[in-house]
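A.B. asks: the following block contains a protein sequence and its predicted model.
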Amino acid sequence: MRRLLHALLAVTVATAAAAAQGRGGAAPQGTPPTPPPPTARASAPIDLTGYWVSVVTEDWRWRMVTPPKGDYASIPINAEARKTGDGWDPAQDEASGNACKAYGAPGLMRIPGRLHITWQDDTTLKVETDAGIQTRLLHFGEWKSTGPATRQGDTAAVWEMRPPRGAEPPPRFGSLRTTTTRLTPGYLRRNGVPYSDKTTLTEHWDLLRHPGGDQWLVITTIVEDPTYLARTWITSLNFKKEPDGARWDPTPCLAK
Amino acid sequence: MGSDAVPGQVSAMMNARPRPSPTRGPISLCCFAAVLTLGPALPAQAQSQVQAAQAAQQGQTVDFSGTWANRVHEDWVERAPGPHIGDYMGLPINDEARAVADTYQVSMQNMPERQCILYTSQYIVMGPQNLRIEQDLDPVSGGVRAFRLSGTVDRPPRTIWMDARAHPSPNSPHSAAGFTTAEWQGTMLVARTTHLKAGLVWRNGVPHSDQATMTEYYTRHGSVLTVTMILEDPVYWEEPFIRNASFELDPATRVLPEPCEPQVEIPRAAGEVPHYLPGANPYLREVAEMYKLPLEAVRGGAATTYPEYAKRLRTSYAPPDRCPVYCCGGTGQAAQNDNKASCRVDAPPAPASATPAR
């Protein structure tokens, strides 16, 4: 019996190997060259485009209003951050043209508002916010910035998905991972909790299809800052899909 | 951490694929090959085993098992020491829920007969506790039959069934854990829970009913696990309530055990039940006064969770000059409840007025 099974296994393995060669083996002479890999836009496993509204069911008192000076609850800051935060002066920020310090990438998505996500081109997702009228660009593939650090920084984007097995169709599920660096200093919270120019922001963008029909975008956000954080700050944000931009309401930055 | 997210995930995917055991491997593979070749000639039992193995291989894509440390980096005040009485901020509740919560008195919790009543499964995203997840593997197919989630302190242990079993009859008993089944959407686990007992959402009396159901989305990115819960309750909630909790894989994390032994903490006369009659709770305005917020804002409701409400507040809101309480909570910067800590700079809040809230 054992011999029979081993023989059967050998036959099956050989058959599978032959089939694999037929699918992915060396191309015979005269066949057309392999087409280029699909663009980021074409290979997107999930569709993040459209209008999204933040639904503030978490950290309400720290997001819907500017919290009092010195309120650092929940953020794993260090002593240096506290010292800097204790000196927060929104009037001075406004006067010096820094009213948007809370609207840099690490803090921007926590401010209640709407996102408008579109493809700027085949390799760049554009994320606009009506709160503070900011624009983030998420770059796929080989992209390198040459300019100075900015409020929204440089963001590299990668689709994360289970690779299709064999002849499986392209996956309908996956996630977007973005990594943002080269940021100018700003605030994690509108009451002046600081982040530095050494900050790295990692975000995982997941699409949730709720049985009721709603679509939710959940962004798991990981902030690392050796200057002001004692450890990584991990939070998650909810956005609900809206049918259109009827409620899009661009509003300038507010320092307080 | 961000840079190792992908390798971690890929590694999890690799580990998650069912593998034959060293002793049974060749035989199992042979059987699998035989089925491919011979198909209908095999007995039905062998075919179903192979089908189960195939389903398991196609299905499970991420291994969630391990010990996960809860990072309470949002709502530390509400999730660790607990929310203020009357603080319903960010909760899309209705008037019925407010009416119930307004009668709540914390002393209810230390009555011996109530001390061991567990929070319901939604507390996974509302509480501060850590989490242990184990896989229950099918010994034949190697597929995941269920995920077992640890109970801890005041949260019940749970089973998330992965074998496509049906939910019980609507008339079946409800429990704190409820009944949960799940399926994969790519690398995301989507779990559906019914048969929950009525329970507390916040530790200040905000309720959910026994008609509540919840959908959870488990996503793992490297060493970070995000659990998103959507609670739906036709009795007490105006809109689906969405919340997240973030955990980090940490084998050194302690998951506190769940056994509970009730004892008398405050002697009371027989039959005495701590409570406030409707309209008589004197503390409902305390949190609004402490943070100079309009009372309607702290009373919750779906409309208060959207950006339009933030814009309304912006025109009139002026925060207190300094943070009044728990200012360094969860930061690691000060003793968490020490009023003398440098993060708390002023006197405790003034006594609340006795005027009933809406």
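C.D. replies: Arrived safely.
A.B. asks: nearest spatial neighbour of residue B:183, skipping sequence neighbours?
C.D. replies: Distances taken as CB to CB, 6 or more residues apart in numbering or on different chains place residue B:190 nearest to residue B:183, at 5.8 Å, with adjacent residues excluded. Where C-beta positions appear, they are placed from N, C-alpha and C, glycine not excepted.
A.B. asks: what strands line up against the helix or strand hosting that neighbour, and which way round?
C.D. replies: According to DSSP states H and E, residue B:190 maps onto strand B:188-194. Counting by DSSP bridges, the strands paired with strand B:188-194 are strand B:179-185 (antiparallel), strand B:213-221 (antiparallel).
A.B. asks: figure out how far the last one is from the centre of its chain.
C.D. replies: When distances are taken as CA atoms, centre = their mean, to the nearest Å, strand B:213-221 is centred 10 Å away from the chain's centroid.
A.B. asks: which SSE is immediately downstream of that strand?
C.D. replies: Next in sequence after strand B:213-221, counting helices and strands by DSSP H and E, comes strand B:224-232.
A.B. asks: from residue B:209, how far out is residue B:196?
C.D. replies: In this view, residue B:196 and residue B:209 are 9 Å apart by CB to CB, to the nearest Å.
A.B. asks: neighbour count winner among those two?
C.D. replies: residue B:196 (25 against 17; other CB atoms under 10 Å in any protein chain shown).
A.B. asks: can you give me phi and psi for that one?
C.D. replies: When read as degrees, to the nearest 10, the backbone of residue B:196 gives phi -90, psi 140.
A.B. asks: picking that back up, I'd like the strands paired with strand B:188-194 as a markdown table, with mean pLDDT appended.
C.D. replies: Shown next, in a markdown table, are the strands paired with strand B:188-194 (pLDDT from 0 to 100):
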| stretch | mean pLDDT |
| --- | --- |
| strand B:179-185 | 95 |
| strand B:213-221 | 97 |
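A.B. asks: how about CSV for these, with mean neighbour count added?
C.D. replies: Shown next, in CSV, are these (neighbours: other CB atoms under 10 Å in any protein chain shown):
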stretch, mean neighbour count
strand B:179-185, 19
strand B:213-221, 23
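A.B. asks: so who does the nearest residue to residue A:224 once chain neighbours are set aside touch?
C.D. replies: Ranked by CB to CB, 6+ apart and with sequence neighbours excluded, the top spatial neighbour of residue A:224 is residue A:200, at 4.7 Å. For residue A:200, the residues meeting the contact criterion (CB atoms under 8 Å, 6 or more residues apart in numbering or on different chains) are A:179-181, A:223-225, B:2.
A.B. asks: just the closest residue of the stretch 51-200 of chain B to chain A, please.
C.D. replies: Closest to chain A within the stretch 51-200 of chain B is residue B:186: 2.3 Å, counting by CB to the nearest CB.
A.B. asks: nearest spatial neighbour of that residue, skipping sequence neighbours?
C.D. replies: The shortest distance from residue B:186 to any non-neighbouring residue, by CB to CB, 6+ apart, is to residue A:173 (2.3 Å).
A.B. asks: re earlier: what is the burial count for the residue of the stretch 51-200 of chain B closest to chain A?
C.D. replies: 21.
A.B. asks: that one contacts residue A:161, doesn't it?
C.D. replies: Yes. Counting by CB atoms under 8 Å, residue A:161 is a contact partner of residue B:186 at 6.7 Å.
A.B. asks: OK, contacts around the residue nearest to residue B:186?
C.D. replies: Residue A:173 neighbours (CB under 8 Å, 6+ apart): A:45-46, A:161-162, B:185-188.
A.B. asks: what's the answer for residue A:217, then?
C.D. replies: A:48, A:52, A:115, A:205-208, A:238-241.
A.B. asks: for chain B, tell me which of these show up nearby.
C.D. replies: Counting by CB under 8 Å from any CB of the partner chain, A:206, A:208, A:238 from the contacts of residue A:217 sit close to chain B.
A.B. asks: in those, which residue is surrounded by the most others?
C.D. replies: Sorting the ones next to chain B among the contacts of residue A:217 by how many neighbours each has (other CB under 10 Å) puts residue A:206 first, at 26 neighbours.
A.B. asks: mind checking the SS state of that one?
C.D. replies: With DSSP: H, G, I helix; E, B strand; the rest coil as the basis, residue A:206 sits in strand.
A.B. asks: which strand residues bridge it?
C.D. replies: Beta-bridge partners for residue A:206, by DSSP bridges, are residue A:175, residue A:218.
A.B. asks: thinking it is in contact with residue A:220, fair?
C.D. replies: Yes. With contact defined as CB under 8 Å, residue A:206 counts as touching residue A:220 (7.2 Å).
A.B. asks: who touches both of these two?
C.D. replies: Counting by CB under 8 Å, 6+ apart, the common neighbours of residue A:206 and residue A:220 are B:219, B:226.
A.B. asks: can you tell me how far the residue of chain A found nearest chain B is from residue A:225?
C.D. replies: Per CB to the nearest CB, residue A:173 is where chain A lies closest to chain B, at 2.3 Å. As judged by CB to CB, residue A:173 and residue A:225 stand 32 Å apart.
A.B. asks: repeat for residue A:181
C.D. replies: Residue A:181 is 11 Å from residue A:225, by CB to CB.
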